[in-house]
Every structure is written in C-alpha cells, then in structure tokens.
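1. Predicted model and sequence follow; I will ask about them next.
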Amino acid sequence: MGILVAAIIAWKFVDAYSQSIQPSSFRSFSVSGDGKITAVPDVAQFTFEVITEGGTNIAGLQTQNTEKMNAAIAFVKSKGVDAKDIKTQNYNLTPRYQYSNCGYTPQASKPCPPPEIVGYTVTQTVSVKIRDFSKISDILGGVVSKGANSVSNLNFVIDDPTAAESDARTEAIGKAKTKAQAVAKAGGFSLGRILSITEGGNYPVYYDKYSTAAVSGMGGGVAAPAPTIEPGSQDVTITVSIQYEIR
C-alpha cells in the first residue's frame with residue numbers, strides 16, 4: 001500500500017513539474033484585449049533657435065548669438081519655467097562658402113580655385129518644457145522678441161503616464177478575461193490556469209484638437225501675435241494577450 005501511495009505522489013509531482021516547464025505540452029488558447037485611457041497632457045514642449053549669420057569674425061558672431069540666446073532663456077525663466085525644463089540641444093558653427101564659376105574644358109590652363117570661406121552661421125537650439133499652460137502663448141511670442149528667429153515643434157505630452165498606463169492595462173486584462181470566458185463557454189470547455197501574459201505596445205495617440213505654432217525667419221526681435229494654444233487630449237493604449245490552459 002505504501003509503495004502505491006508513493007508511486008501516485010511521484011507521478012503527480014512529475015506531471016506537475018512537466019506542465020510547469022512545458023506549458024506547450026497541453027492544449028491551450030490565447031485571447032487579447034485592448035485598454036484605452038484618455039488623458040489630458042500636462043506638459044507643453046517646444047524648441048527655439050537663435051541663428052546668426054555674418055562674415056569671418058567668428059568671435060563677434062558668437063557674442064551676438066550668445067547675447068540673444070541668453071536674453072531669450074532669461075525671459076523664459078522670468079515666466080516661471082524651472083531651469084531643469086530648459087535644455088540646450090545643439091550649438092553649431094557652420095562655414096559658408098563661395099564657389100568659383102569655372103567650368104572644366106580640356107584647354108583650361110589653370111585648375112579651378114578651391115571654395116573660399118566668406119562667412120559663418122552660428123545656431124543655438126534650446127528645448128523648453130512649460131507646465132503652466134496659461135503662459136504658453138506669452139513665452140512663444142516673448143522668445144522671438146528677445147532674438148529667437150525660429151520657434152517650432154510645439155507638442156503636448158503626459159509627463160508621467162504611469163497611472164494612465166496602469167488603468168489601460170487593467171482594462172485590457174479585464175476585456176481579455178471576459179473574452180476568454182465567452183470562448184470557453186461557446187467551446188464547451190473550462191478555463192485552466194493562465195500560462196502567460198504578454199503586453200503589446202503602449203503608444204499615445206494624439207488628438208488633432210489643438211493648435212501648434214511655428215515662427216521662422218532670420219530677422220528676430222519682432223514677435224508676431226501670440227497664437228491660441230489648446231492642449232487637447234491623448235489616448236494611452238495598452239494591448240495584452242493572455243494564454244490559457246484548456247481543461
């Protein structure tokens with residue numbers, strides 16, 4: 001009797017162990033579910049540039065560009081934007097060339113002279129995050145009045161999407177479980193344990209219910225009328241796939 005009991009226990013252990021390490025060794029099926037949460041963005045992001053063109057006096061060009069950029073950044077800070085939300089993205093010093101107009105002919109006695117540097121362009125790019133939406137229009141117009149001559153890439157984001165993602169995930173799993181129960185009922189079988197849960201992409205979907213601003217030009221110093229800005233909303237989506245054992 002003791003030998004029989006020991007054999008049964010050993011068989012159950014082996015069976016349980018084999019199922020735990022080989023979930024594909026028994027019948028299973030998968031269902032998927034989507035969760036979507038609509039949230040209002042809480043951060044506006046944009047970039048602005050100070051572009052300065054001139055001759056070969058590099059130091060003078062850099063000084064002009066830096067003074068304008070410093071004035072624009074000081075203005076942004078004066079509107080309550082924290083220093084951690086202001087980031088220099090690029091600083092470029094690019095030469096401008098003049099090319100000689102001399103076509104090649106077999107009789108040409110002299111080679112065409114190399115391109116000549118006639119000036120330089122200094123470009124600084126700064127990105128800004130604005131958390132107080134009531135100041136967006138003033139800041140967009142103000143950086144131009146301080147010397148920025150390119151403003152672009154205004155967009156709205158959720159600074160910390162963790163809570164929205166969690167709610168969307170809960171909804172997606174709930175829908176997948178409901179679907180699994182309906183499939184099991186229609187198929188005349190019982191649901192076993194969950195073998196795996198996989199999560200698909202989490203991509204914010206932007207609504208086109210807001211305006212964006214782009215101001216460009218080489219002049220700087222003159223601000224256009226500030227645009228009306230509306231942040232709209234975003235859909236945070238989560239897709240999950242659940243694999244069930246069939247009993």
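-> Sure thing, it's come through. As the structure is a prediction and not an experimental result, all values here were calculated from the model.
2. Could you use CA atoms for every contact and neighbour count after this?
-> OK.
3. could you say what helices and strands the helix of greatest length in the chain packs with?
-> Identified as the longest helix of the chain according to DSSP state H is helix 162-187. In terms of contacts (3 or more CA pairs under 8 Å, 6 or more residues apart in numbering; DSSP states H and E), helix 162-187 is packed against strand 28-39, strand 191-199, strand 234-246.
4. Pick out the residue nearest the middle of the protein.
-> V157 (8.2 Å; CA atoms, centre = their mean).
5. tell me the pLDDT at that residue?
-> Per-residue pLDDT puts V157 at 90.
6. distance of the residue lying closest to it once chain neighbours are set aside from A71?
-> Setting aside the residues directly before and after it, V157 is nearest to P41 in space (CA to CA, 6 or more residues apart in numbering), at 4.9 Å. For P41, the distance to A71 equals 29 Å [CA to CA, to the nearest Å].
7. what do you get for G232?
-> G232 sits 31 Å away from A71, going by CA to CA.
8. lowest-confidence helix or strand of the protein?
-> Lowest mean confidence among the helices and strands of the chain (mean pLDDT, DSSP states H and E): strand 215-216, at a mean of 44.
9. Tell me which helix or strand the residue nearest to V157 sits in.
-> Assigned by DSSP states H and E, P41 falls within no helix or strand.
10. In contact with it, which residues are there?
-> By CA atoms under 8 Å, 6 or more residues apart in numbering, the contact list for P41 reads 156-159, 231-234.
11. Mind checking which of these are buried?
-> Applying 16 or more other CA atoms under 10 Å to the contacts of P41, the neighbour count classes 156-158, 231, 233-234 as buried.
12. Compile those residues into JSON lines and extend it with columns for distance to Y97.
-> Putting the buried ones among the contacts of P41 into JSON lines (distance: CA to CA, whole Å) gives the following:
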{"residue": "F156", "distance to Y97": "39"}
{"residue": "V157", "distance to Y97": "41"}
{"residue": "I158", "distance to Y97": "44"}
{"residue": "P231", "distance to Y97": "43"}
{"residue": "S233", "distance to Y97": "47"}
{"residue": "Q234", "distance to Y97": "46"}
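13. List just the nearest of those to K175.
-> Using CA to CA, Q234 is the member of the buried ones among the contacts of P41 that lies nearest K175, at 21.1 Å.
14. so for whichever helix or strand I139 is part of, what's the average pLDDT?
-> Using DSSP H and E, I139 sits in helix 136-145. Per-residue pLDDT over helix 136-145 has a mean of 94.
15. Show me what counts as buried in that helix.
-> Here helix 136-145 shows 136, 139-145 as buried, counting by 16+ other CA under 10 Å.
16. cool, and stretch 45-63?
-> For stretch 45-63, a neighbour-count test (16+ other CA under 10 Å) marks 45-53, 58, 61-62 as buried.
17. Repeat that for stretch 91-101.
-> Across stretch 91-101, burial judged by 16+ other CA under 10 Å covers 93, 95-96.
18. How far does stretch 122-136 sit from its chain's centre?
-> Remark: stretch 122-136 is offset 16 Å from the chain centroid, using CA atoms, centre = their mean, to the nearest Å.
19. for stretch 166-185, same thing?
-> The answer for stretch 166-185 is 28 Å, by CA atoms, centre = their mean.
20. Repeat that for stretch 237-246.
-> 26 Å.
21. Extract the C-alpha trace of it and format it as CSV.
-> Only the C-alpha atoms of stretch 237-246 are listed here, as CSV (Å, rounded to 0.1, in the frame of the first residue of the first chain):
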residue,chain,number,x,y,z
THR,A,237,-3.5,52.4,-25.2
ILE,A,238,-2.3,49.0,-23.9
THR,A,239,-2.8,45.6,-25.6
VAL,A,240,-2.4,42.3,-23.8
SER,A,241,-2.5,38.7,-24.9
ILE,A,242,-3.4,36.0,-22.3
GLN,A,243,-2.7,32.3,-22.9
TYR,A,244,-5.0,29.9,-21.0
GLU,A,245,-4.8,26.2,-20.4
ILE,A,246,-7.8,24.3,-21.7
